[in-house]
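K.L.:
Have a look at this fold, sequence not included:
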């Protein structure tokens, strides 16, 4: 192992025998959080899987016929049936006595909204499927329309701010509570800003028998209106502010969180994104909505007891965020 | 040996003989007895199969799709609103050329709510790219189900076996079930060339742009047209095993000398045959049993209609604002004959309206009476029950 210096390219490659389920060269936008999340997920899941993919950006940017960026057996059917297709694949593989694992990929629309009934049924029946929601908080593939996952007050093309409105009127759906109510063996949230944590959770879910659920917060530079180079920074701020709690649950009970060392004000996160620009106008309504969003973050921190007690290695500042190869050097 | 069996029970046992590895279903009248029967066979250990009781028909079709794509023989059954809820998935299954079999226990569509038999549900999926085979009897339903798996898997096109709700599904009668040896000899183990396998990863259901989409549709259409030969072959091969024909694509029976033809789909044929047999005063008819509605067997139909002066197309569905669904297609196919019969198109028996023996004389009178010839009509609608303006 030590004939060559560590920083020799071949040595590094040999030390990173990572399987790539999703190849480069696909057509995602620069800085796409979902593409990063899908790559990290499939790397951690390994090659012995089959994937069911909902309609959406991930499907479209990876498979413009006759090309495909997938090195995995992959199927896309329609928008709302991903969990059911995955359930069917799982039932088939079980009958065939094969150990191949089943992944289901969907965006927030395919999870919170149109795909929700199939997801609930799949979890209720306990299929051995890992359902991954790449949560970018709106219908990005159709041009940024609001979804059940769009945060309160965010601007989308169907929740525009105006004389009578300050962006989305409704709250982001509390999907975790609904998932928790299914009492599945394992459910977690993760963020592309914390890839090591994300990988661990994928592996944990893969090792779990029965249905598991992973919600990955995945910034969309185009839809959120931020610089494509700032995807990780934006994603990390969502966690650091408490707006996107990173947690783990077993059978619906909270078993772990990514503690926030020093919670940042929500405005640090919001001001990087055009979808919240109207909240920084000098008017009463904007101020009230900013307060409202801060209250939501505070409530998350309180509810999941996210505030860290010291400088732990596993918290929003200490958890691996930069090392290539994930927790190999963590 | 014939067994006294309810149609649905016979279908459940026949499906089991075809050894599906995954069955997915959501309950809807009148399909329920079929999947209840399968669930019991699984529970009793008589069928090694994952029985997935899903939360909607949309998911029933999706589970079957996923299972078939992952390399297992899959089956589902539905009816009416269930077929409509499945619609987008049914188009996707056929578009991806995934072979699986579904029983449609034919039932009317809402609204208003009606749980009884007509064929509006399967007709609404006319253009879905599924093969549709209509069964005139429960015995045909049994034999067609076995054939359907082979047709689907050889052609890589899903098959919908259409069985009239209640009239067939809930009727108890003596039926011959095939043996396991007969089915195993006829139907090889499931194999899908384009299945999902980590050893040979491929992408199914990708985004296909304008530069390839027409070819996808052309290939599907051509495969459907080619399936006609396979439908005939499956029926012939199965007949060699069990000694029973289902009629291939289209079957002519009744009086071969008759100049009057009556074309039907499904179980109403038996009623019309009984009516003609029971009354020698009635004009004789050649019955044209359209078994394969998709693919539409235009050439076989022309042959079956050779020598007819009149053809009454009797259907159990309609296209409001146009008239019949099958009638215009038949007329289009027959127009190429040197001397095509004159086509009369009626609907009857909608929403389970009872079709009695006098149906025969009613349609003949309508076709040859002076009153409004050639016009589509719901032949058994009662003017007394209609508002004045709609009569």
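P.N.:
On my side now, so go ahead. These numbers come from a predicted model, not from an experiment.

K.L.:
which phi and psi does residue 304 have?
P.N.:
Let's take chain A. Backbone torsions of residue A:304, given as degrees, to the nearest 10, read phi -100, psi 10.

K.L.:
how about it, what does it touch?
P.N.:
Residue A:304 sits next to A:245, A:247, A:254, A:257 when contact means C-beta atoms under 8 Å, 6 or more residues apart in numbering or on different chains. Using the backbone N, CA and C atoms, a C-beta is placed for each residue, glycine as well.

K.L.:
Quick check: the third one is in a strand.
P.N.:
Put plainly, it is residue A:254. Yes. Counting by DSSP: H, G, I helix; E, B strand; the rest coil, residue A:254 is found in a strand.

K.L.:
Residue B:343 - that's part of a strand, no?
P.N.:
Yes. Residue B:343: assigned to a strand according to three-state DSSP.

K.L.:
From what I see, it and residue B:331 are in contact.
P.N.:
Yes. Taking C-beta atoms under 8 Å as the definition, residue B:343 is a contact partner of residue B:331 at 4.4 Å.

K.L.:
and whichever residue of the stretch 1-150 of chain A sits closest to chain B, what pLDDT?
P.N.:
Proximity of the stretch 1-150 of chain A to chain B (C-beta to the nearest C-beta) peaks at residue A:88, 2.7 Å away. In this model, residue A:88 is scored at 98, pLDDT.

K.L.:
if we can go back for a sec, of residue B:343 and residue B:331, which one has the most company?
P.N.:
residue B:343 (24 against 18; other C-beta atoms under 10 Å in any protein chain shown).

K.L.:
can you map out the strands along the stretch 101-250 of chain A?
P.N.:
Taking DSSP state E, counting those that start in this stretch as the test, the strands found in the stretch 101-250 of chain A are A:101-107, A:129-135, A:186-191, A:212-217, A:247-250.

K.L.:
could you redo those as JSON lines and give each row distance to chain B, mean neighbour count and mean pLDDT?
P.N.:
As requested, the strands of the stretch 101-250 of chain A are exported to JSON lines (distance: least, C-beta to the nearest C-beta, whole Å; neighbours: other C-beta atoms under 10 Å in any protein chain shown; pLDDT from 0 to 100):
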{"stretch": "strand A:101-107", "distance to chain B": "8", "mean neighbour count": "29", "mean pLDDT": "98"}
{"stretch": "strand A:129-135", "distance to chain B": "10", "mean neighbour count": "29", "mean pLDDT": "98"}
{"stretch": "strand A:186-191", "distance to chain B": "19", "mean neighbour count": "27", "mean pLDDT": "98"}
{"stretch": "strand A:212-217", "distance to chain B": "16", "mean neighbour count": "26", "mean pLDDT": "98"}
{"stretch": "strand A:247-250", "distance to chain B": "22", "mean neighbour count": "20", "mean pLDDT": "98"}
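
K.L.:
Mark out where each domain of chain B begins and ends.
P.N.:
Per automatic domain parsing, the domain ranges recorded for chain B read B:2-188+B:209-242, B:253-390.

K.L.:
quick one: which of the ones you listed is nearest residue A:58?
P.N.:
Checking the domains of chain B against residue A:58 by C-beta to C-beta gives domain B:2-188+B:209-242 as the closest, at 17.3 Å.

K.L.:
how long is that closest one end to end?
P.N.:
Start and end residues of domain B:2-188+B:209-242 are separated by 13 Å (C-alpha to C-alpha, to the nearest Å).

K.L.:
tell me the mean pLDDT over it?
P.N.:
Mean predicted confidence for domain B:2-188+B:209-242 is 98.

K.L.:
Determine which residue belonging to chain B approaches chain A most closely.
P.N.:
Counting by C-beta to the nearest C-beta, chain B gets nearest to chain A through residue B:66 (2.7 Å).

K.L.:
which other residues reach whatever helix or strand residue B:161 lives in?
P.N.:
Residue B:161 is located in strand B:159-164, with elements delineated by DSSP states H and E. For strand B:159-164, contacts defined as C-beta under 8 Å, 6+ apart pick out B:7, B:11, B:100-106, B:117, B:119, B:122, B:125, B:130-135, B:138, B:141, B:144-145, B:148-149, B:151-152, B:169, B:265-268, B:293, B:316.

K.L.:
Give the next helix or strand downstream of that strand.
P.N.:
Following strand B:159-164 in sequence, per DSSP H and E, is strand B:172-176.
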